[in-house]
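In: here is the input, now give the coordinates:
(one chain, ligands or ions: 1)
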Amino acid sequence: MRVGVLTGGGDCPGLNAVIRAVVRKGVQQYGYEFVGFRDGWRGPLEGLTRTLDVKAVRGILPRGGTILGSSRTNPIKVEGGVERIKENLANLGVDALVAIGGEDTLGVATALHTHGVQVVGVPKTIDNDLNNTDYTFGFDTAVTIATEAIDRLHTTAESHHRVLIVEVMGRHAGWIALHSGMAGGANVILIPEEKYDIEQVCAWVESRFKSEYAPIVVVSEGAAPKEGDEILVNQELDSFGHVRLGGVGERLAQEIEKRTGKESRTTVLGHVQRGGTPTPRDRWLATRFGLHAIDAVHAGDWGKMVALQGTDIVRVPLSSATTELKTVPLDLYEEAKVLFG
Ligand code: F6P
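Out: Numbers count the residues shown, from 1 in each chain. Model prediction:
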């Protein structure tokens, strides 16, 4: 069996750990050969490959990013894209694909499966918003980086009696904000799942100053005020129809400063959350996903995604992971609010 592997969408710490586990177990246990596809779906679409053997995956476990490269190419939007992929797979003698990605990459995998491509999915996103899996790898690393930043910002906020706003990633789901905000003792956490009331935010900020402590506000990039929408960097859409978000932190700083008279500053963590080495927990999860993904290939269990449920790795239909996003339940958010202010 010849198996193609690709990584699509935004990169994420732990991708290399998955690739390594898939290749090592595939070669050692099943005697498979591998083809690395470059840059997400652009690889199979344009026939862009690289060598992927045991030697190629040596030493990559702790490395961030992906040795295969990534892109947000959407072959479904390309005329004849599905047929071109099928042709390229046939020409390269590739029998099956392991697609490692988030909602977009796995959405394409779902569509290709309905066109007869033998594909198994592995869920990845720092946002942790894929359905049917308790966690995705990359999330723990992003939360660790954000928490460390919040810890550092506390001391400078206190020295200057300032409000410090930390903008974290999270387009539709506030998992990173919620986890890092709670772990870092944030004064306010704002998430996309619930529009915020600026007056309430200012009340929480002022109450923190009353206890002679400086407030930290953690906000997801996708959070929006009651009377408005999320803030976009520009009007452009990517090939999956996504806008680029960013700027909510700065807007909050201006509003808070205007309404409370307290000096405010914003830190946007951005891609720092996605770069660098994965945490041990992410390496562990990514490795287990890889080991189980190649088992699914061996079992011919096409159209499935490996998923973490409790402590077990299970297989769920690819479509069930991508039709709906896993957002933060509002009762979980309520639980955190007790500590606001
Ligand atoms: O989906 C993961 C993610 O990091 C989001 O949190 C963020 O909105 C988006 O990707 C950023 O994408 P890009 O790197 O293409 O700007």
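In: ok, whichever residue of the stretch 1-150 of the chain sits closest to the ligand - contacts?
Out: With CB to the nearest ligand atom, the shortest gap between the stretch 1-150 of the chain and the ligand falls at residue 10, namely 3.7 Å. Bear in mind the C-beta positions are built from the backbone N, C-alpha and C, glycine included. Contact partners of residue 10, counting by CB atoms under 8 Å, 6 or more residues apart in numbering, are 70, 72, 102, 125, 126, 274.
In: from the ligand, how far out is the last one?
Out: Per CB to the nearest ligand atom, to the nearest Å, residue 274 is found 6 Å from the ligand.
In: about what we covered before: check the contacts of residue 10 and tell me the two furthest apart.
Out: 72 and 126 (15.0 Å; CB to CB).
In: those two: which is more packed in?
Out: residue 126 (30 against 18; other CB atoms under 10 Å).
In: can the lengthiest helix in the chain be found next to the ligand?
Out: Longest among the helix segments of the chain by residue count, using DSSP state H, is helix 139-160. No - Helix 139-160 lies apart from the ligand when judged by CB under 6 Å from any ligand atom; the minimum separation is 8.2 Å.
In: what helices or strands is that helix leaning on?
Out: If you count contacts as 3 or more CB pairs under 8 Å, 6 or more residues apart in numbering; DSSP states H and E, helix 139-160 packs onto strand 163-168, helix 175-183, strand 216-220, helix 280-299.
In: for the ligand, find the nearest of those.
Out: Once those are compared by CB to the nearest ligand atom, helix 175-183 is nearest, at 7.6 Å.
In: which residues outside the closest one are in contact with it?
Out: With CB under 8 Å, 6+ apart as the criterion, helix 175-183 contacts 126-129, 139, 142-143, 146-147, 150, 168-170, 186, 189-191, 218-220, 223, 273, 328, 332-333, 336, 339.
In: filter those residues to the buried ones?
Out: 126-129, 139, 142-143, 146-147, 150, 168-170, 186, 189-191, 218-220, 223, 273, 328, 333, 336 (16 or more other CB atoms under 10 Å).
In: hmm, back to that, which of the contacts of residue 10 fall in strands?
Out: Using DSSP state E, no member of the contacts of residue 10 sits in strands.
In: any chance of a markdown table for these, columns pLDDT?
Out: A markdown table is the format used below for those (pLDDT from 0 to 100):
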| residue | pLDDT |
| --- | --- |
| 70 | 97 |
| 72 | 94 |
| 102 | 95 |
| 125 | 96 |
| 126 | 97 |
| 274 | 97 |
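In: what mean pLDDT does the longest helix of the chain have?
Out: Regarding helix 139-160, the rounded mean pLDDT is 97.
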